[in-house]
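K.L.:
Here is a sequence together with a model predicted from it:
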Amino acid sequence: MTGPDEVVVALDVGGTVMKCGLVTSAGLLRHAERHPTNAAAGGAAVAETILDVAAGLADTARANGLTPVAAGLAVPGVVDEERGVAVWAANVGFRDLPLRDLVADRLGLPTALGHDVRAGGVAEARLGAGTGERHVLFVAIGTGIAAAHVVDGRAFAGAHGAAGEVGHVIVRPGGAPCGCGARGCMEAESSASALARRYTELAGAPLSAAEVAAAAAGGDPLAVRAWDEVVAALADGLTIAQTLFDPAVIVIGGGLAEAGAQLLDPLGAGLRARLTFQREPALVRAALGDAAGCLGAGLLGGDALEAA
């Protein structure tokens, strides 16, 4: 991509909403749209929606004097990026779907398929909170927890497309059951959903993670206890991640990052207290918000064009 009017058709496919747009080589979002994923209709229907939305975005680009030169897609679940296959994603119904080739055939453009968290990590590393650093670990903390290890602007998928699943590192052996089948995983102990669950266990009344965070900030003792337990488990998990990946900066994204300093200050202190020989990373909040996945998809599409 060299021309100022050249754009990548970019789609970030979530379980509920697709965040889509036209992205320039500089990472600028020239046009943005949102569409319902309609996952309840099944994987085949979601795939058709993706194809229709991608084609519509390409038409929108041309109608506005822009030239679509590539496409990039970010999807959840297990993704074989080398083959361009969405291997499995429970929340959108994908199973062994050759999504990259389907979009490439529909649009007639070089296309890349990536994992949603890794795409977000690439965007944060190149355009957001990790800009200027070669070694970045992006950790998304929401309903679940996943990470992207990004070096020189490229995320590593691993041999089987499952790299970065730090949410399934066990931090509390024998602890809360996790959806993966294990107990005490970082995701089961320190995600937003874990925070809400722990407060309910302590108080006997349900609150959302955001409500628990607000109650903890206000000094509610049970909310404070739940919050502190989650932060401690996060610090344990990030200590393991720092030992394994040695990033210069850890970028925290996802819904729990909305707590800002309420999370980052004690989390940073907890991480610092646990490190021995490891170098302490900078710990920062993600900068791109929910646009990260779409921007990352655009960057992946641009990479695919360069490799074509």
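P.N.:
Everything's here; your move. Numbering: from 1, shown residues only.
K.L.:
OK, contacts around Q278?
P.N.:
For Q278, the contacting residues are T239, Q242, T243, D246, by C-beta atoms under 8 Å, 6 or more residues apart in numbering. (Glycine included, C-beta is placed from N, CA and C.)
K.L.:
which ones are touching the third one?
P.N.:
For T243, the set of contacting residues under the criterion of C-beta under 8 Å, 6+ apart consists of Q278.
K.L.:
Quick one: the strands in this structure, in order.
P.N.:
6-13, 17-23, 29-36, 67-75, 78-80, 85-89, 94-97, 111-115, 135-141, 145-151, 154-155, 249-253, 282-285 (DSSP state E).
K.L.:
ok and the fourth one relative to strand 6-13, angle-wise?
P.N.:
In this structure, strand 67-75 runs at an angle of 20 degrees to strand 6-13, with axes from the mean of the first three to the mean of the last three C-alpha atoms, to 10 degrees as the basis.
K.L.:
for strand 67-75, packing partners?
P.N.:
strand 6-13, helix 43-63, helix 99-107, strand 111-115, helix 116-126, helix 292-307 (3 or more C-beta pairs under 8 Å, 6 or more residues apart in numbering; DSSP states H and E).
K.L.:
can you check the third one too?
P.N.:
For strand 29-36, the elements it packs on are strand 17-23, helix 43-63, helix 292-307, judged by 3+ C-beta pairs under 8 Å, 6+ apart.
K.L.:
rerun at 10 Å
P.N.:
If you count contacts as 3 or more C-beta pairs under 10 Å, 6 or more residues apart in numbering; DSSP states H and E, strand 29-36 packs onto strand 6-13, strand 17-23, helix 43-63, helix 292-307.
K.L.:
from the middle of its chain, how far away would the longest one be?
P.N.:
Relative to the chain's own centre, helix 43-63 is displaced by 22 Å; criterion: C-alpha atoms, centre = their mean, to the nearest Å.
K.L.:
mean confidence score for it?
P.N.:
The pLDDT scores in helix 43-63 average 97.
K.L.:
Please apply the same query to the second one.
P.N.:
For strand 17-23, mean pLDDT rounds to 96.
K.L.:
Paired strands for it, with orientation please.
P.N.:
strand 6-13 (antiparallel), strand 29-36 (antiparallel) (DSSP bridges).
K.L.:
Export those strands as TSV, with columns for mean neighbour count.
P.N.:
Formatted as TSV, the strands paired with strand 17-23 follow (neighbours: other C-beta atoms under 10 Å):
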stretch	mean neighbour count
strand 6-13	29
strand 29-36	15
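K.L.:
With mean pLDDT and distance to A261 added, can I get those in CSV?
P.N.:
Formatted as CSV, the strands paired with strand 17-23 follow (pLDDT from 0 to 100; distance: least, C-beta to C-beta, whole Å):
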stretch, mean pLDDT, distance to A261
strand 6-13, 97, 27
strand 29-36, 96, 28
